[in-house]
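J.: pasting the sequence and the predicted model now:
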Amino acid sequence: AQSVTQLDSHVSVSEGTPVLLRCNYSSSYSPSLFWYVQHPNKGLQLLLKYTSAATLVKGINGFEAEFKKSETSFHLTKPSAHMSDAAEYFCVVSEGNSGNTPLVFGKGTRLSVIA
Amino acid sequence: EAQVTQNPRYLITVTGKKLTVTCSQNMNHEYMSWYRQDPGLGLRQIYYSMNVEVTDKGDVPEGYKVSRKEKRNFPLILESPSPNQTSLYFCATLYPRGTGAYEQYFGPGTRLTVT
């Protein structure tokens, strides 16, 4: 069965400093992995996705994530945080053969950016 | 434009008063799903539908019903809402890419408050 663990429920960074949001997954098959962002009172927006192509995935707004099979990780990074990055971030794993739940969401990491 | 729409976007109701949240998609996707989002719990699947007239329970189905009479619509029904169903609800469609991955499309969300 697939699962995803976001290691931090809350991360706080200063504007202009790097962002690291950690995600570990468990999957019996070759998974697809996604990061979504949700700004306050907004819907979910896809940041980036990994689907068995390049292990370093570049997304929108300067975010990127690296798929590391040996570490079962898919951490989200950004070199320099901006105030507009303050939001909730969700790591999601998709396992095509998982049957009734193709998507499993992490519990989310709230990113705060301090001026 | 590929779209998943939900109505209403915001709803305040009282305990026991039946309500329906509609979900409609214009992509002809077979798979649709309902999620609820609660602080610290991420998104949890309520019900899903693999195709017309095929529905099944997700992780948290208690207190909810769904129907899938046509491919484009997947309404969520709360026969007798209770305060613990106060939440943010998302409808989503999934499209299998054939490599084990899915394309996901989320609706904008419905914020429900039950008093």
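T.: Right, received. Where do you want to start? Numbering: from 1, shown residues only, chains lettered A, B, ... in the order given.

J.: from here on, just use CA atoms for contacts and neighbour counts.
T.: OK.

J.: pretty sure B:L94 contacts B:M27?
T.: No. Checked against CA atoms under 8 Å, the pair B:L94 and B:M27 is beyond contact range at 9.9 Å.

J.: count of neighbours near the closest residue to A:L44 other than its chain neighbours?
T.: The shortest distance from A:L44 to any non-neighbouring residue, by CA to CA, 6 or more residues apart in numbering or on different chains, is to A:Q38 (4.9 Å). Neighbour count of A:Q38, defined by other CA atoms under 10 Å in any protein chain shown: 19.

J.: and B:L94 and B:M27? Which one has more around it.
T.: Shown here are B:L94 and B:M27; by other CA under 10 Å, B:L94 has more neighbours (20 against 16).

J.: what sits closest to the more buried one if chain neighbours are left out?
T.: With sequence-adjacent residues excluded and distances taken as CA to CA, 6+ apart, B:L94 is closest to B:Q104, at 4.7 Å.

J.: quick one: low-confidence parts of chain B?
T.: Low-confidence segments of chain B, defined by pLDDT under 70: B:97-102.

J.: hey, where'd the strands end up in it?
T.: B:4-7, B:10-13, B:19-25, B:31-38, B:42-51, B:54-57, B:65-66, B:76-78, B:87-96, B:102-106, B:110-114 (DSSP state E).

J.: now for the shortest one, which elements pack on it?
T.: In this structure, strand B:65-66 packs against strand B:76-78, with contacts taken as 3 or more CA pairs under 8 Å, 6 or more residues apart in numbering or on different chains; DSSP states H and E.

J.: strands paired with the strand it packs on, and their directions?
T.: Paired strands of strand B:76-78, with direction, are strand B:19-25 (antiparallel), strand B:65-66 (antiparallel) (DSSP bridges).
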